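Novice: my questions are about this predicted structure, shown below with the sequence.
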Amino acid sequence: MSDDKTTHFGYQEVPVGEKQERVRAVFDSVATRYDLMNDLMSMGIHRLWKRRAVEMAGVRRGQRVLDLAAGTGDLAEKFSRIVGPDGEIVMSDINEAMLSEGRSRLVNAGVVGNLDYAIANAEVLPFASDSFDCVTIGFGLRNVTNKQFALDEMFRVLRPGGRALVLEFSHPTVAPLARAYDLYSFSVLPVMGKFVAGDADSYRYLAESIRMHPDQETLLSMMEQAGFERCRFVNLTGGVVAIHRGYKL
Amino acid sequence: MDQDDSDAGTQTTNEGIQIPDAMLATVEGAINAVLALDAEGAHRLAPIQGRVLLVELAGFGTRIYVVPGESGLLLYGAYDAPPDCSVRGTPAALLSMALSEHREDAVFQGAVEIVGENRVAQTLGEVLQGLDIDWEELLSKVVGDTLAHRIGLQARAGGRWAQRTGDTLTQDIREYLQEEGRLLPGREELRAFLTDVDTLRDDVERLAARIARLAAQPRKS
């Protein structure tokens, strides 16, 4: 994909240099209503998906965790409570609006002290190699222009023994569910986006970008290509979402 | 690599009855709401923050991972980190350990098995038992300060009355059984009886030792 002149932005083909800007525009537009929309769109199930990701991360006291595409900080908040004052969480997002939204939400919730914030592009992380026990990216990888670069970088900043988790929409494994899901995401989501967040196009992009995201097996092999070992994935809600995990050994 | 379609735990085996995640999330919310009522008490969780405690219900195979935060608990059905401490017992044994004042009893009797850093379970138990919840404050949010205070006064008076009545009743029953009905021995009688048993046991042991010694002596013809 890195050699292509164009890349996909939802179902459209756009020049590689343009995708980042367009994704930024989408998230600038939805930042303030992001949490509400997540709850509405997933009917609250996204909380269970994130719980599962925390379980699989198995973070413990004193560890250093990097949460990429942290958005409004649902994962970072849990990790911050777990690692305690001896640990550290770096909450990172490429989008300033989302990160500020997340930051003010966490400060208001009293989650402070062991949290740092960094505006960073997941493809070129501004962190030292071998410096984190766990790196997570929740519902963010599909928006990254070059996903392989991002996985390579996640591998680089991990300490040996550390693990990376990719929580992302994926491809339903059950045919009837897949049809219902298509209907839902192309008919219901944009309408919901229009009424709640005042922006149908951004939510159409979200639905399209999910379809263009690599399926479970492809993403697994991309992780292996990045150098991860003991890679596996778990399908949640019939494959609507999958969690991929790999270790740097 | 492997893939896993089910909702199975990742590294742990998943036999037995596991509690659905949604229910654990609800229980977690309820526990944390109670902990929030005694913020000072809940902050005593700090020393064990981020430790992993595994509670296993024997007989059901149910596993609950408890990860304390700074002032609340996180509950998970599976947690991919080796537990710092695991506590295993039947629900009844775990409950009676949690409620009793002498927690070591349950462990010594073998009803509850603790592996790993006992301090984690100990601290958690102490925090939960030591919570000083201001029910009146909680009630005042629903019915207002004045009414909550009145209800509180009544409840405290009622509590004292119940306590007094309970104490008196216990004492009366004990007196009847020991003195009137002669159904149970009094404290002094019991002590004397136990002393007698001890003396008798020692005598028997001495006699046995003596017989053994005599039997072992070579016969003098």
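Specialist: It's in. Nothing here was measured: the structure is a model prediction, and the numbers come from that model.
Novice: burial of residue 201, as a residue count?
Specialist: Since you didn't name a chain, this refers to chain A. A count of neighbours around A:Asp201, defined by other C-beta atoms under 10 Å in any protein chain shown, yields 14. (C-beta placed from N, C-alpha, C; glycine too.)
Novice: I was thinking of chain B, sorry if that wasn't clear
Specialist: 10.
Novice: look up how far B:Asp80 lies from it.
Specialist: 55 Å (C-beta to C-beta, to the nearest Å).
Novice: equivalent analysis for A:Arg179, please.
Specialist: Distance from A:Arg179 to B:Asp80, by C-beta to C-beta: 34 Å.
Novice: between the two, who's got more neighbours?
Specialist: B:Asp80 (20 against 11).
Novice: what's the span of stretch B:44-51, first residue to last?
Specialist: End-to-end distance for stretch B:44-51, by C-alpha to C-alpha, to the nearest Å: 14 Å.
Novice: now do that stretch: distance to the chain's middle.
Specialist: 20 Å (C-alpha atoms, centre = their mean, to the nearest Å).
Novice: in chain B, which residue sits closest to chain A?
Specialist: Distances between chain B and chain A by C-beta to the nearest C-beta are smallest at B:Gly50, namely 2.8 Å.
Novice: remind me which residues of chain A are low pLDDT?
Specialist: Scanning chain A for pLDDT under 70 picks out the ranges A:1-4.
Novice: just the residues of it that are near chain B, which are they?
Specialist: Within chain A, the positions near chain B by C-beta under 8 Å from any C-beta of the partner chain are A:47-48, A:51-52, A:54-62, A:78, A:81-85, A:87, A:173, A:216, A:220, A:224, A:230-236, A:245.
Novice: same thing but at 7 Å, please
Specialist: A:47-48, A:51-52, A:55-56, A:58, A:60-62, A:78, A:81-84, A:87, A:173, A:220, A:231-235 (C-beta under 7 Å from any C-beta of the partner chain).
Novice: buried subset of those residues, written for PyMOL?
Specialist: PyMOL command restricting these to the buried ones, with burial defined by 16 or more other C-beta atoms under 10 Å in any protein chain shown:
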select buried, chain A and resi 48+51+52+55+56+58+60+61+78+81+82+83+84+87+173+220+231+232+233+234+235
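Novice: quick one, helices of chain B?
Specialist: With DSSP state H applied, chain B shows helices at B:21-35, B:39-42, B:91-99, B:103-108, B:118-129, B:135-143, B:145-175, B:187-216, listed in chain order.
Novice: now the angle from the longest strand along chain B to helix B:118-129?
Specialist: Counting residues, the longest strand found in chain B (DSSP state E) is strand B:62-68. Per axes from the mean of the first three to the mean of the last three C-alpha atoms, to 10 degrees, the angle that strand B:62-68 makes with helix B:118-129 is 80 degrees.
Novice: what's the local residue count around B:Glu117?
Specialist: 17.
Novice: show me what contacts it?
Specialist: B:84-85 (C-beta atoms under 7 Å, 6 or more residues apart in numbering or on different chains).
Novice: for it, what are phi and psi?
Specialist: When read as degrees, to the nearest 10, the backbone of B:Glu117 gives phi -80, psi 100.
Novice: what pLDDT does it get?
Specialist: You'll see B:Glu117 listed with a pLDDT of 87.
Novice: helix/strand/coil for the closest residue to A:Gly138 other than its chain neighbours?
Specialist: Excluding the flanking residues, the one nearest A:Gly138 by C-beta to C-beta, 6 or more residues apart in numbering or on different chains is A:Leu167, at 4.3 Å. With DSSP: H, G, I helix; E, B strand; the rest coil as the basis, the three-state label of A:Leu167 is strand.
Novice: was I right about A:Leu167 contacting A:Ile243?
Specialist: Yes: judged on C-beta atoms under 7 Å, A:Leu167 makes contact with A:Ile243 at a distance of 5.1 Å.
Novice: neighbour-wise, which of the two wins?
Specialist: A:Leu167 (28 against 25).
Novice: and the residue nearest to A:Gly138, how far is that from A:Ile45?
Specialist: 13 Å.
Novice: now A:Glu208
Specialist: The value you get for A:Glu208 to A:Ile45, if C-beta to C-beta is used, is 21 Å.
Novice: ok, A:Asp152 to chain B distance?
Specialist: 19 Å (C-beta to the nearest C-beta, to the nearest Å).
Novice: tell me the contacts of that residue?
Specialist: Counting by C-beta under 7 Å, 6+ apart, A:Asp152 makes contact with A:Ala226.
Novice: next SSE downstream of the longest helix seen in chain A?
Specialist: The longest helix of chain A (DSSP H) is helix A:16-30. Following helix A:16-30 in sequence order, the next helix or strand is helix A:34-42 (DSSP states H and E).
Novice: what count of nearby residues applies to A:Met212?
Specialist: Counted with other C-beta under 10 Å, A:Met212 comes out at 13.
Novice: ok, now which ones touch it?
Specialist: So A:Met212 contacts A:8, A:10 (C-beta under 7 Å, 6+ apart).
Novice: can you check A:Ile210 too?
Specialist: Going by C-beta under 7 Å, 6+ apart, the list of residues near A:Ile210 reads A:142, A:169, A:185.
Novice: turn the residues you listed into TSV, columns for distance to A:Leu115.
Specialist: Putting the contacts of A:Ile210 into TSV (distance: C-beta to C-beta, whole Å) gives the following:
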residue	distance to A:Leu115
A:Arg142	25
A:Phe169	26
A:Ser185	33
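Novice: chain B: which of these is nearest?
Specialist: Checking the contacts of A:Ile210 one by one against chain B (C-beta to the nearest C-beta), the nearest turns out to be A:Phe169, at 16.7 Å.
Novice: which one is the closest one nearest to, not counting chain neighbours?
Specialist: A:Ile210 (4.2 Å).
Novice: am I right that that neighbour is in a helix?
Specialist: Yes: residue state for A:Ile210 (three-state DSSP) corresponds to a helix.
Novice: ok, it to chain B distance?
Specialist: A:Ile210 sits 19 Å away from chain B, going by C-beta to the nearest C-beta.
Novice: gap between that residue and A:Phe186?
Specialist: A:Ile210 is 11 Å from A:Phe186, by C-beta to C-beta.
Novice: what lies in contact with stretch A:30-42?
Specialist: Stretch A:30-42 is contacted by residues A:46, A:71-72, A:97-98, A:101, A:189, A:192-193, A:196-197, A:199, A:202 when judged by C-beta under 7 Å, 6+ apart.
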